[in-house]
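Peer 1: Model the structure of this input:
(chains A and B)
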Amino acid sequence: MIANTDRRWQALAGAAGLLLLGLFVIGAFAALVTQAATIDVGAVLGDPYIAGVVRFTLLQAGLSTLFSLAFALPLALALHRFRFPGRSLVLRFFLLPQALPVLVGALGILAIWGRGGLLSDALAGLGFARLDVYGLTGILLAHVFFNMPLATRLLVAALDAVPSESWKLAGQLSLGPAATFRLVEWPAIRSSLPAAASLVFMLCMTSFTLVLVLGGGPAATTLEVSIYQSLRYAFDPARAVVLALAQVLITGIVLFAVTRFAGRVDGMATLGRAATRYDRMSTAERGLAGLVILLGLGFVLAPFAAIVTRGLAADLWRLFGETALHRAVLTSMLVATAAATLSLALSLALLFGARARRRNAEEAGGRGLYDLAGSLVLVVPPIVLGAGWFLCLRQVTDVFAAAPYLVVATNAVMAMPFVMRIVGPALSSSAARHDRLAESLGLAGLNRLALVEWPATRGALGLAFAFALALSLGDLGVAALFGNQDFLTLPLLLYQRMGSYRTADAAGIALILGIMTLVLMSVGEKGFARKDPE
Amino acid sequence: MPLAASPALADDAKPVLTVYTYESFIAEWGPGPKVEAAFEASCGCDLQWVGLGDGVEILNRLKLEGAGTKADVALGMTAEMVPEMKATGLFAPSGVDLSTLAIPGGFADDTFVPFDYSYLAFVYDTETVKNPPKSLDDLVNGDPEQKIVIEDARTSTPGLGFLLWMKAVYGDQAAEKWKTLSKRILTVTPGWSEAYGLFTSGETPIVLSYTTSPAYHMIEEKVERYQAASFSEGHYLQVELAGQLAGAQNPELAKAFLAFILTPDFQDIIPTTNWSLPAVAPATPLPEVFSRLVQPAKPLAIDAATVAENRKAWTDEWLQALGR
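Peer 2: Okay, here's the model as predicted:
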């Protein structure tokens, strides 16, 4: 009976969350559709050029996902098997690429891998040809840089979620590395692969600046690029809507296939304390693990080293004194904090809704709508949301006054797929563990949330909050749509400086943004962390 | 609370003039703050900037907003866009006397007022390029190992300008020449910032920019390293325009601002903040550095009506030629 009241408010929260999310996304589309005189779906989709675009989009996203996961797998295993001081710092570094404005990341990557980069210089010094990373290679390289660390974190988290009994048993049986992999590690990783793959796939489907900068030319055009063009250059809302729907549909099909044939998409816990393992590693194995970690860390950190070096060369003291910077830092902090909070709230609503529904249906099938809703928003282009809401709001209010709220809302929604993947598993494992006990004790409502859910999920909530913060801090697309002189975020300031030749300033701002992200993420994660060691 | 800060809160007593422009115009180092101060000194008004991506985006924003736009003036579109802009019916005649203009090849229009102009050019790094191309032909047929970076003709004004430059010089042969040139193209970026970033970070020795770009490096950074290549066929001319919205909330202020554009108070700010050339003969001489910039023998331009008519076909041709 008591559980029934819980179920009721959870279902209510879920419905409210779904409704808000639906209104937000569908509202934008509807506004654009009313703007479009006629929509000729056939003409857009029958265009052979668009067919090529779709093919290329799928090809690069598929390959990017494959490579990101292929490299993440050994790295995650090495990080989980081999404990060393600074391991948690390594994992924190792995969050950084998500927060980097894409252009800064691209320039960092090129400082290492480009024609004028470190490796090319070394090769040229030895009499070899310079590297040519433009075209599909460049896109893949950059996508692996941005997504492999993310996938690694997700896989490490999946390993952390293995019950400690399994490690104990593996230790007692003295399983070798191969047997441990086959019997313990692989099953855990396999169940989390679909989630990691689908997230990376969606991120690569929608990448825009990277594809244009590193793609080499118009041959490397993706759906997202075509959507941007339709709205920003040709101002053809009808075409944009059709292309955006095509993008959502294609990704939806891929996601559906992944969930259908490869298991649940949210099947991963993402934080968890580092599990205690009992397998002993031989020196050779430790060496190998160390090497894998070093290579992975080097790959991720080298571009950052370039960003730091260039940033330090900027006149940082002058930058620190500028009011424009102070304003941008403050605006970015406020927007990111608000977006992360809203994202957490919305995601929790959906997750609770999914839980209520699952208990009703007593089967996993009923959760699909919530999972899919939380995921698909990632492939709705921000420019579509932005332009759509712009059209809606201008009829009722001053759009520029509304700009910050729209940016917060859009950033919050964009972070939801991450938040749901991080918080979801923690919440469901808490439910699996404590449901019976809680119900037999009559724990419900706020009491249950405070005594059961909060301790079990605070770590995951912290990580999710950090992720959402990072994403919002790095966002440029939405903020740029509404830019006016009173609303300036750090990435906007950075682009402004680049646009007026002040590349050194931009490098300095990139460094400040990176440090700010690291600090905010640490504060976010720590703020939620347990006080008492368990 | 800064989140709620909006243009409307700024200065309630004075009438507000809202001007849409591109982002880099209103940067702290750009012309925006100085222009604002100069105009506000005499207008008894509050000038509010709204920064957007580039000229194309300004027009699209206006189309998006339609007659209900908050903008009184839009500033930063290019001459190629005139027919398209007029077709929207969103702009009002300027009433500004354009007889003082000093734009090569002249400019006449009843609606739009040019505020500056510049020539497209390939800027190169003198430390790596010892023999810069002396003509567009040199560039097209040059060493494919010496890479260039250009901007996308679909998403940027310099990219479109270069497309027209090739067309102006090669006409029907343009597609073929693009194919030859494509071997030299390292990458095509969405906008100017990305391309110039690749250039200054040493990724490419040659980039599509403007004849005036070296002036920035020489004046602000005291660096002679980056120079523009002078092409014998001439350079494509990009004229930047401002226009008054028909639905302006403050039509009188908008008119006054358009007239203000051609006064020395506005024009003198342009060269060393927007790094382009003033639209009228400067009242105070330009900095010495400007006399050392490439002075194109021949301004190239294709008239706006022809561009409007052919842009889609030419862009498709460009796409075909560069699609590997």
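Peer 1: Residues of the stretch 101-250 of chain A that sit close to chain B?
Peer 2: Counting by C-beta under 8 Å from any C-beta of the partner chain, the residues of the stretch 101-250 of chain A lying close to chain B are A:103, A:106-107, A:110-111, A:114-117, A:134-135, A:138, A:208-209, A:212-219, A:228-229, A:231-233, A:235. Where you see a C-beta, it was placed from the backbone N, CA and C, and this is true even at glycine.
Peer 1: ok, which stretches of the stretch 401-534 of chain A are helices?
Peer 2: Applying DSSP state H, counting those that start in this stretch to the stretch 401-534 of chain A gives helices spanning A:445-448, A:454-474, A:477-481, A:490-499, A:503-528.
Peer 1: can you pull the buried residues of the second one?
Peer 2: By that I understand helix A:454-474. By neighbour count with 16 or more other C-beta atoms under 10 Å in any protein chain shown, helix A:454-474 contains the buried residues A:456-474.
Peer 1: Could you dump the helices of the stretch 401-534 of chain A into a markdown table with distance to B:Val56 and mean pLDDT added?
Peer 2: Putting the helices of the stretch 401-534 of chain A into a markdown table (distance: least, C-beta to C-beta, whole Å; pLDDT from 0 to 100) gives the following:
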| stretch | distance to B:Val56 | mean pLDDT |
| --- | --- | --- |
| helix A:445-448 | 53 | 71 |
| helix A:454-474 | 25 | 83 |
| helix A:477-481 | 14 | 66 |
| helix A:490-499 | 14 | 86 |
| helix A:503-528 | 23 | 84 |
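Peer 1: Give me the contacts around whichever strand or helix holds B:Ala313.
Peer 2: Using DSSP states H and E, B:Ala313 falls within helix B:304-322. Contacts of helix B:304-322 from elsewhere in the structure, counted by C-beta atoms under 8 Å, 6 or more residues apart in numbering or on different chains, are A:49, A:217-219, B:79-84, B:153-154, B:160, B:163-164, B:167, B:174-176, B:178-179, B:182, B:185, B:188.
Peer 1: Tell me how many other residues crowd whatever residue of the stretch 201-324 of chain B ends up closest to chain A.
Peer 2: Here the residue of the stretch 201-324 of chain B nearest chain A is B:Gly202; by C-beta to the nearest C-beta that distance is 3.7 Å. For B:Gly202, the number of neighbouring residues by other C-beta atoms under 10 Å in any protein chain shown comes to 17.
Peer 1: Assumed it was part of a strand.
Peer 2: No. Assignment of B:Gly202 by DSSP: H, G, I helix; E, B strand; the rest coil gives coil, placing it outside any strand.
Peer 1: Which residue, other than its chain neighbours, is closest to it?
Peer 2: A:Gly116 (3.7 Å; C-beta to C-beta, 6 or more residues apart in numbering or on different chains).
Peer 1: which SS state does that neighbour fall under?
Peer 2: The local conformation at A:Gly116, judged by three-state DSSP, is coil.
Peer 1: Name the residues that touch the strand or helix carrying A:Ile227?
Peer 2: Following DSSP H and E, the helix or strand that holds A:Ile227 is helix A:223-228. Under the contact criterion C-beta under 8 Å, 6+ apart, helix A:223-228 has outside partners A:50, A:53-54, A:57, A:205-208, A:211-212, A:240, A:243-244, A:246-247, A:250, A:381, A:383-384, B:155.
Peer 1: which secondary element of chain A has the worst mean pLDDT?
Peer 2: Counting by mean pLDDT, DSSP states H and E, the weakest-scoring helix or strand in chain A turns out to be helix A:477-481, with a mean of 66.
Peer 1: Just the buried ones out of the contacts of helix B:304-322, please.
Peer 2: By the neighbour-count criterion of 16+ other C-beta under 10 Å, those include these buried positions: A:217-219, B:79-82, B:84, B:153-154, B:160, B:163-164, B:167, B:174, B:178, B:182, B:185, B:188.
Peer 1: Doesn't B:Ala74 lie inside a strand?
Peer 2: Yes. Under the criterion used here (three-state DSSP), B:Ala74 sits inside a strand.
Peer 1: what sits opposite it in the beta ladder?
Peer 2: Going by DSSP bridges, B:Ala74 is paired in beta bridges with B:Tyr20, B:Gly243.
Peer 1: Can you give me the neighbour number for it?
Peer 2: Using other C-beta under 10 Å as the criterion, B:Ala74 is surrounded by 28 other residues.
Peer 1: Check the gap between A:Ile512 and chain B for me.
Peer 2: In this structure, A:Ile512 lies at 16 Å from chain B, with C-beta to the nearest C-beta, to the nearest Å as the measure.
Peer 1: so who does that residue touch?
Peer 2: Counting by C-beta under 8 Å, 6+ apart, A:Ile512 touches A:Gly311, A:Leu316, A:Leu319, A:Leu325, A:Val329, A:Leu490.
Peer 1: Buried residues of whatever helix or strand the fifth one lives in, list them for me.
Peer 2: Put plainly, it is A:Val329. Secondary-structure element containing A:Val329, defined by DSSP H and E: helix A:323-361. If you call a residue buried by 16+ other C-beta under 10 Å, then helix A:323-361 has these buried ones: A:324-325, A:327-329, A:331-340, A:342-344, A:346-359.
Peer 1: pLDDT value on B:Val149, please?
Peer 2: Confidence per residue is given as pLDDT, and for B:Val149 that number is 96.
Peer 1: Specify the beta-bridge partners of it.
Peer 2: B:Thr187, B:Val207.
Peer 1: Now for it, how many residues are close by?
Peer 2: When counting by other C-beta under 10 Å, one arrives at 26 neighbours for B:Val149.
Peer 1: Over to A:Phe82?
Peer 2: The criterion is other C-beta under 10 Å. On that basis, A:Phe82 has 18 neighbouring residues.
Peer 1: Now it: closest residue in space, sequence neighbours ignored.
Peer 2: A:Ala289 (3.8 Å).
Peer 1: List the buried residues for the host helix or strand of the one you found?
Peer 2: Per DSSP H and E: A:Ala289 is located in helix A:283-313. When neighbours are counted by 16+ other C-beta under 10 Å, the buried residues of helix A:283-313 are found to be A:285, A:288-289, A:292-293, A:296-297, A:299-300, A:302-304, A:306-308, A:310-311.
Peer 1: Show me the shaky parts of the stretch 1-150 of chain A.
Peer 2: Applying pLDDT under 70 to the stretch 1-150 of chain A flags residues A:1-5, A:37.
Peer 1: Nearest to chain B within it, name that residue for me.
Peer 2: Closest contact between the stretch 1-150 of chain A and chain B, by C-beta to the nearest C-beta, is at A:Gly116 (3.7 Å).
Peer 1: Look up how far A:Arg130 lies from that residue.
Peer 2: Using C-beta to C-beta, to the nearest Å, one obtains 8 Å as the distance from A:Gly116 to A:Arg130.
Peer 1: list the residues that contact both of these two?
Peer 2: Listed contacts common to A:Gly116 and A:Arg130 are nil; contacts here mean C-beta under 8 Å, 6+ apart.
Peer 1: Compare these two (neighbour count), which wins?
Peer 2: Shown here are A:Gly116 and A:Arg130; by other C-beta under 10 Å, A:Gly116 has more neighbours (21 against 16).
Peer 1: if we can go back for a sec, can you lay out the helices of the stretch 401-534 of chain A as CSV showing distance to B:Ile103?
Peer 2: Converted to CSV, the helices of the stretch 401-534 of chain A look like this (distance: least, C-beta to C-beta, whole Å):
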stretch, distance to B:Ile103
helix A:445-448, 71
helix A:454-474, 41
helix A:477-481, 31
helix A:490-499, 23
helix A:503-528, 30
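Peer 1: quick one, strands of the stretch 1-150 of chain B?
Peer 2: Residue ranges of the strands in the stretch 1-150 of chain B, as given by DSSP state E, counting those that start in this stretch, are B:16-22, B:46-52, B:73-78, B:91-92, B:112-125, B:148-151.
Peer 1: How far away from the center of its chain is the longest one?
Peer 2: To tie it back to what came earlier, the one meant is strand B:112-125. For strand B:112-125, the separation from the chain centroid amounts to 6 Å (computed by C-alpha atoms, centre = their mean, to the nearest Å).
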